[in-house]
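Below are the sequence and a predicted model for it; my questions follow.
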Amino acid sequence: MKKQNEKIKGLEAKITELTAGWQRTQADFINFKNQIAKERVELIERANSDLIYELLPILDNFSLAAKHIPKELEGDNWAQGISQIEKQFENILRENGLERIESLDTKFDPNLHEAIEEVESDKPHGTIVEEVLPGYKLNDTTIRPAKVKVSK
């Protein structure tokens, strides 16, 4: 009888040990699944960021073209169509988290701006007086700083 009780206690200890091991493995597996899901989201975000960054020059060129439409073509259907394509493109990028960095008349911030020149101005020192190239943030991360001219 004593031998059976010892055997039962040994088996109960083994069950407890195996159960604890199984629970650790289960927790490790859940953590692994969560880590993989997190990495997948980060990979998608990084790929989107890279793609949107590659598209920024196209957005810049649309904006530049819109600024230089000849006066005689301003009411032209073709020019208006190009303007609509630009707005549609901007909306798609905005819906995917792209946000233009506001620069003009703000204080220079090295996290958001890249100073390309200091100029004489009646504005306070460090104030942005001209935006040469717009900057953008994607999901609150700067993907391209604005190239600006800053007052001396």
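Sure, I can see it.

CA atoms for contacts and neighbours, from now on please.
Fine.

dump the residue contacts of residue 67.
By CA atoms under 8 Å, 6 or more residues apart in numbering, no residues touch residue 67.

residues in contact with residue 102?
residue 135.

next one: the one 3 residues further on
Contacts for residue 105 were tallied using CA under 8 Å, 6+ apart; they are 127, 128, 129.

Quick check: it vs residue 124, distance?
For residue 105, the distance to residue 124 equals 10 Å [CA to CA, to the nearest Å].

same question, residue 115
From residue 115 to residue 124 the distance is 15 Å (CA to CA).

and if you look at residue 92?
37 Å.

Please apply the same query to residue 146.
19 Å.

so what are the domain limits for the chain?
Annotated domains of the chain cover 1-96, 99-152 [automatic domain parsing].

In CSV, could you pull the C-alpha coordinates for stretch 130-147?
Provided in CSV are the C-alpha atoms of stretch 130-147 (Å, rounded to 0.1, in the frame of the first residue of the first chain):
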residue,chain,number,x,y,z
GLU,A,130,10.0,79.9,-47.3
GLU,A,131,9.3,76.2,-48.0
VAL,A,132,11.3,75.0,-51.0
LEU,A,133,10.1,71.4,-50.9
PRO,A,134,7.3,70.2,-48.7
GLY,A,135,7.9,67.6,-46.0
TYR,A,136,5.7,64.7,-45.0
LYS,A,137,4.8,62.5,-42.1
LEU,A,138,3.4,59.1,-42.4
ASN,A,139,1.5,57.9,-39.3
ASP,A,140,3.3,60.5,-37.1
THR,A,141,6.8,59.5,-38.4
THR,A,142,8.7,62.0,-40.6
ILE,A,143,9.4,60.3,-43.9
ARG,A,144,10.8,63.4,-45.6
PRO,A,145,11.7,66.6,-43.8
ALA,A,146,10.6,69.9,-45.4
LYS,A,147,13.4,71.8,-47.2
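
would residue 121 count as being in a strand?
No: counting by DSSP: H, G, I helix; E, B strand; the rest coil, residue 121 is not part of a strand but coil.

That one: neighbour count?
13 (other CA atoms under 10 Å).

Next up, phi/psi of the nearest residue to it once chain neighbours are set aside, please.
Spatial nearest neighbour of residue 121, excluding adjacent residues (CA to CA, 6 or more residues apart in numbering): residue 151 at 5.4 Å. Main-chain dihedrals, residue 151, degrees, to the nearest 10: phi -70, psi 140.

beta partners of residue 151?
Taking DSSP bridges, one obtains residue 119 as the residues bridged to residue 151.
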